[in-house]
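Enquirer: here's a sequence, model it:
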Amino acid sequence: MRRREILVLLCGATIACPRAAVRAQRKAMPVIGFLHFGSPDGFAYQIDALRQGLAENGYVDGKNVAIETRWAEGHLERLPALAADLVAAKVDVIVAAGPPPAKAAKNATLTIPIVFSVGVDPVAEGLVASLAHPGSNLTGVSLLASVLPPKRLEMLCELVRSAKVIALLVNPNESGEWVADVQIAARAKGVELPILKAGNEGEIDAAFAALAGLQADALIEGDAVLFMAQREQLVALERHYRIPAIGRFREFADAGGLISYGPDLVDTNRQLGLLASAGCKANIARAGELMAAPMPGLDPPAAHDTADPHTTTDHRSPCPCCGGRMIIVEVFAPGSAPRGPPSSGPGIRTATP
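Expert: Model prediction:
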């Protein structure tokens, strides 16, 4: 082989090896999929907050965990395909920001753990069975922000004391059970509450154009991920039409809006990082191993053993409530010692029929 050919091969190796090493490294570490309805330009700070939560549990992006991001860029119809892409990438956990991403992730997988944040009731949205026992493969943070729009109306009435007409901007394509609560609050305050509907960017422009005909004195931005993604457009229109408005998150005020009232999304995404790195999947796997393992000091039954299992001597501790035999699975903090099995002493109560 000529010297020039050897040099070419060596140069090719120096290019290919780092890429292969990166792929191997990413495969060796846990991968978190991040599914968002917006774009990285407007929501990169939420990824930073997610990294902060991961770091609090000892996971550093690029060192011992990797983050795969998927952005819908405000087009909610893209979410199902993006969620399916994360499933195909075999991520270990999916973090879903908002109800539409959470629903898309839920429809895409029944096995990959999903950690979500939503501003609505996750039970009413069909994401989980209950707040106490979510069930399935979903858990997360509920901001319960849908109870706040009536309070926003009260704040606007205090801010614009002469207001007789306060418009409410809603997205008809998203959940709107909270609208009835705002209407009740408006009647209590003695103000009219015309409802404007906008399901896309063009309809937002048309809704603001209709404000002049309504002679609205103020505006409430409803709970919708569309309005969060288009907050720059909303703020520009509010300035153009010179109408005082209140948004749902601080991001509206940061974009130049007059006022906002709602939970802190930075802290919410930090909590998602904590949940995503809590090791739930590993704990469940470990619990399965413990439950399948034979009891200490007992020989596992032979494969040809056909004896009635109900007649086999069981040395496990009885449950103090039902009398059934227990398998103790406990998760304890690093550095602390696990508790021993319960004894049959006076600390064990016997259930009475």
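
Enquirer: where does the residue nearest to Phe249 when sequence neighbours are not counted land in three-state SS?
Expert: With sequence-adjacent residues excluded and distances taken as C-beta to C-beta, 6 or more residues apart in numbering, Phe249 is closest to Gly262, at 4.6 Å. The C-beta positions use only the backbone N, C-alpha and C, and glycine is treated the same way. Here Gly262 is recorded as coil under DSSP: H, G, I helix; E, B strand; the rest coil.

Enquirer: ditto for Glu203
Expert: helix.

Enquirer: can you pull the buried residues of stretch 169-185?
Expert: Leu169, Val170, Asn171, Glu174, Ser175, Gly176, Trp178, Val179, Asp181, Val182, Ala185 (16 or more other C-beta atoms under 10 Å).

Enquirer: and Gln233, how many neighbours?
Expert: 15 (other C-beta atoms under 10 Å).

Enquirer: could you pull out the helices for the protein?
Expert: 3-28, 40-56, 79-88, 99-108, 149-159, 179-189, 201-209, 211-214, 225-229, 231-240, 250-254, 265-276, 280-292 (DSSP state H).

Enquirer: next one: the nearest residue to Glu251 once chain neighbours are set aside relative to Lys189, how far apart?
Expert: Nearest non-adjacent residue to Glu251, counting by C-beta to C-beta, 6+ apart: Arg231, 5.9 Å away. Separation of Arg231 from Lys189 (C-beta to C-beta, to the nearest Å): 26 Å.

Enquirer: distance check, Ala49 against Gly202.
Expert: 32 Å.

Enquirer: more neighbours: which of those two?
Expert: Ala49 (19 against 9).

Enquirer: where does the prediction get shaky in the stretch 51-200 of the chain?
Expert: Along the stretch 51-200 of the chain, the parts satisfying pLDDT under 70 run over 145-146, 175.

Enquirer: try 90
Expert: 52-60, 62, 64-65, 73-76, 97-99, 111, 113, 117-150, 172-181 (pLDDT under 90).

Enquirer: around the nearest residue to Ala49 once chain neighbours are set aside, how many other residues sit close by?
Expert: What sits nearest to Ala49 in space, not counting adjacent residues and going by C-beta to C-beta, 6+ apart, is Asn269, at 3.7 Å. When neighbours are counted by other C-beta under 10 Å, Asn269 registers 24.

Enquirer: Asn269 reaches Phe43, doesn't it?
Expert: No - in this structure, Asn269 is not within contact of Phe43 by C-beta atoms under 8 Å, at 9.2 Å.

Enquirer: any common contacting residues for those two?
Expert: Here Asn269 and Phe43 share the contacting residues Ala97, scored by C-beta atoms under 8 Å, 6 or more residues apart in numbering.

Enquirer: let me have the buried residues of stretch 169-185 in TSV, extended by distance to Ile243.
Expert: Listed next are the buried residues of stretch 169-185 as TSV, based on distance: C-beta to C-beta, whole Å:
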residue	distance to Ile243
Leu169	11
Val170	16
Asn171	19
Glu174	22
Ser175	25
Gly176	21
Trp178	21
Val179	20
Asp181	22
Val182	17
Ala185	19
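
Enquirer: count the neighbours of the residue nearest to Phe249 for me.
Expert: Neighbour tally, Gly262, other C-beta under 10 Å: 20.

Enquirer: thinking again about what came up before, which residues touch the residue nearest to Ala49?
Expert: Gln46, Ile47, Ala49, Leu50, Gly53, Ala97, Ser117.

Enquirer: domain ranges for the chain, per the record?
Expert: Domain segmentation of the chain under automatic domain parsing yields 25-142, 146-266.

Enquirer: switch those domains over to JSON lines; also include distance to Ser277.
Expert: JSON lines is the format used below for the domains of the chain (distance: least, C-beta to C-beta, whole Å):
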{"stretch": "domain 25-142", "distance to Ser277": "4"}
{"stretch": "domain 146-266", "distance to Ser277": "17"}
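
Enquirer: mind checking which of those domains is nearest Gly273?
Expert: Evaluated over these, closeness to Gly273 peaks at domain 25-142, with 2.1 Å, by C-beta to C-beta.
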